[in-house]
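Trainee: output the structure for:
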Amino acid sequence: MTDDQPTAEEALRSVGIIVPDAELTVSEGIVVSDLDEWSVRVSFSDSSEAIADWVSESFNGSEGLLVSSDGGTISQRFSPEEVHEGARYLNGSNPEDPSATYTVLISPEGTDVVIAAARTSR
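Mentor: Prediction:
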């Protein structure tokens, strides 16, 4: 993994997600492979309506999948303790760069979002 971690905006653009109009926080993500170039988490909070609008715009109207039980496995980039029943999640990659992947986790209340974004070596 490189020492050059992207900013929140760079990470979201890299994985092909629209940058929301919110205050973004970036932190180190979970590394799952020696092939990871970088792994970060981008977090933000907003009203449930604003987040629903951002999700709809970012993911072509998809609301994501419902987490059916606490600790459900949605991605190796989230620990089981972070995943709670009633949350929603979406997985994908940038169509123009499939090595740039993401998992979006939306709180059960619909007000908090954590995006695990990563790029692996090609």
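Trainee: list the buried residues for the longest helix seen in the chain?
Mentor: Secondary structure of the chain per DSSP state H: the longest helix is helix 48-58. By neighbour count, with 16 or more other C-beta atoms under 10 Å as the criterion, the buried positions of helix 48-58 are 50-51, 54-55, 58. All C-beta spots, glycine's among them, are computed from the backbone N, C-alpha and C.
Trainee: now that helix: how far from the chain's centre is it?
Mentor: A distance of 14 Å separates the C-alpha centroid of helix 48-58 from that of its chain, computed with C-alpha atoms, centre = their mean, to the nearest Å.
Trainee: quick check: the gap between the nearest residue to Arg13 once chain neighbours are set aside and Ser56.
Mentor: By the measure of C-beta to C-beta, 6 or more residues apart in numbering, the closest residue to Arg13 outside its immediate chain neighbours is Val19, 6.7 Å from it. Distance, Val19 to Ser56, using C-beta to C-beta, to the nearest Å: 15 Å.
Trainee: what does Val114 give?
Mentor: Using C-beta to C-beta, one obtains 18 Å as the distance from Val114 to Ser56.
Trainee: so where is this structure shaky, pLDDT-wise?
Mentor: With pLDDT under 70 as the threshold, the chain has low-confidence stretches at 1-3, 122.
Trainee: tell me which stretches of it form strands.
Mentor: Chain-ordered strands for the chain, with DSSP state E as the definition, fall at 25-28, 36-45, 65-66, 88-94, 97-106, 112-120.
Trainee: mind listing what's buried along the second one?
Mentor: By 16+ other C-beta under 10 Å, the buried positions in strand 36-45 come out as 36-44.
Trainee: what angle sits between that strand and strand 112-120?
Mentor: Relative orientation of strand 36-45 versus strand 112-120 (axes from the mean of the first three to the mean of the last three C-alpha atoms, to 10 degrees): 170 degrees.
Trainee: make 720 the first number, not 1, from now on.
Mentor: That works, and once the first residue is 720, the last one we named lands at strand 755-764.
Trainee: within the sheet, what are the partner strands of strand 755-764, with directions?
Mentor: Strands that pair with strand 755-764, judged by DSSP bridges, come out as strand 744-747 (antiparallel), strand 831-839 (antiparallel).
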